[in-house]
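**Q** what's the 3D shape of this:
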Amino acid sequence: MDSPSLFPCASKEELVKEYVGKSLHDVPCPAVVLDLSKLKRNCASMLEAVDSLNCGWRAHIKTHKTTELTSLQVGDGSGPANIVVSTVIEAENIVPLLLEYKNKGRAVNVLYSFPLTSGVVDRLSKVSTALGPNGLSLMIDHPSQLRSVAAIHTKTNIPPLIFVKIDMGGHRAGVIPVALQTAALDYLRQEFEALLVTSEEVHSAAASKLPLVLSVGATPTSSAIRNLLLPTTSVESTNEIAALKATIGAIRDAGCEIEIHAGVYPMLDMQQLATHALPEDILSWSSVAITILAEVACLYPSRGESGSPEALITAGSLAIGREPCKAYPGWGILSPWNRTSFALPNTGPEGYSGWQISRISQEHVRIWPNHACIAGAGYGWYLIVDGDGKEDEVVDVWVRWRGW
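**A** The predicted structure follows:
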């Protein structure tokens, strides 16, 4: 039995029948809502940026785990459809879409981004067989993992492509270079420099002189690269951009290819806004595509800190995600939706003074979560609205994949 069948999902057909055409005011809460117009704009902006910078692109799909948003991330052009996943179940579920692209002549590849273990060899072998030559990439950070790479090759007779993971300070996985974490642009430059050093070592030891691909990612650093296309506003940013361009030039002079990867950028969240990786007129509240829909159950006029009012809503830690944001002490921020006389904030999360979700009447409220990946994990599907005319009406339902 294939693994996806062990983690059955709700029927999209039944969900569409149940929800499409309904107002957000009439759907059960809590629910997770995505704005299609914002998703499209965020995806298009990233594709335009990597194309303008002549970089490769790899879409991370761990945040949303849906076929529909993956399609927006890779676009409808003729270029490669490269994917990065964090779990095998994501790779297994995205195979049908990649085969559609392959049948249309697009090159396809899925990168399993967790350091390889023996327990996933059989399942990844099936993915490799389905996609064919150059269809599967693997991430390693220790020589012992090469045994599992060889096992996949033996089972499929298809050699998987290999990425060497570099630890850039997160200390979750990867070979550790000497680097300091600073601002997004400087961090991105250091990541490129660490990859350049590694590529030189690999190139010098390799019998083949095939081009190496250096893939850098996470949404803040991937978003920061868009600064290369913007006018500089300070001496500091001018210097950082010049240093980054010099490093990119050195990588290309060494015969290496540059690939950008990111995942949460289509949705965004409070953590991403707090990075200030881009100017506020580009990375702003109006770009955040995900909200958690909840109902107000009770109002308590003076129960909060210093006698401030509190409201009890139908969304707790499992519905919102108990993830902190460095910019403020709460677990989510109330959007102005369904609240008359309220507008989008004119400052970042660190300066916001409105309602926050801190202790885990408009009938319904929508909450900007701190961490889109965690907030979405508690739901089986997304309700899709369209800010270009149907911002309060469900226009589609996207089913999330379950399991690992």
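**Q** make it CA atoms for all contacts and neighbour counts henceforth
**A** Fine.
**Q** Identify the residues contacting residue 273.
**A** Residue 273 sits next to 283-285, 348-349 when contact means Cα atoms under 8 Å, 6 or more residues apart in numbering.
**Q** can I assume residue 368 sits in a helix?
**A** No: per DSSP: H, G, I helix; E, B strand; the rest coil, residue 368 lies outside any helix segment and is strand.
**Q** All the strands of this structure, in order from the start?
**A** Ranges of strands within the chain are 31-35, 56-60, 81-85, 108-112, 136-140, 161-164, 213-217, 257-262, 290-300, 310-313, 332-334, 364-369, 381-385, 396-399, based on DSSP state E.
**Q** Which residue, other than its chain neighbours, is closest to residue 73?
**A** In this structure, residue 73 finds its nearest non-sequential neighbour in residue 43, 5.4 Å apart by Cα to Cα, 6 or more residues apart in numbering.
**Q** Hmm, that neighbour is touching residue 70, no?
**A** No: contact between residue 43 and residue 70 fails when scored by Cα atoms under 8 Å: they sit 9.8 Å apart.
**Q** ok, now which ones touch the nearest residue to residue 8 once chain neighbours are set aside?
**A** In space, and not counting its chain neighbours, residue 8 is closest to residue 402: 7.3 Å by Cα to Cα, 6+ apart. For residue 402, the contacting residues are 4, 7-9, 89, 380, by Cα under 8 Å, 6+ apart.
**Q** swap in residue 306?
**A** If a contact means Cα under 8 Å, 6+ apart, then residue 306 has no contacts.
**Q** Could you check how far it is from residue 331?
**A** Per Cα to Cα, to the nearest Å, residue 306 is found 19 Å from residue 331.
**Q** Surely residue 338 touches residue 392?
**A** No: using Cα under 8 Å, residue 338 is not in contact with residue 392, being 9.5 Å away.
**Q** Can you point out the buried residues in stretch 73-92?
**A** Within stretch 73-92, the residues that qualify as buried are 73-75, 80-92, counting by 16 or more other Cα atoms under 10 Å.
**Q** Same question for stretch 90-103.
**A** For stretch 90-103, a neighbour-count test (16+ other Cα under 10 Å) marks 90-95, 97-99, 101-102 as buried.
**Q** Which of these fall in helices?
**A** Judged by DSSP state H, helices contain the following of the buried residues of stretch 90-103: 90-95, 97-99, 101-102.
**Q** Would you mind splitting this protein into its domains for me?
**A** 10-35+282-399, 37-270 (the TED database).
**Q** Endpoints of the last one, how far apart?
**A** Meaning domain 37-270. Taking Cα to Cα, the first and last residues of domain 37-270 lie 19 Å apart.
**Q** per-residue confidence averaged over that domain?
**A** In this model, domain 37-270 carries a mean pLDDT of 83.
**Q** ok, now stretch 4-20?
**A** Throughout stretch 4-20, pLDDT has a mean value of 93.
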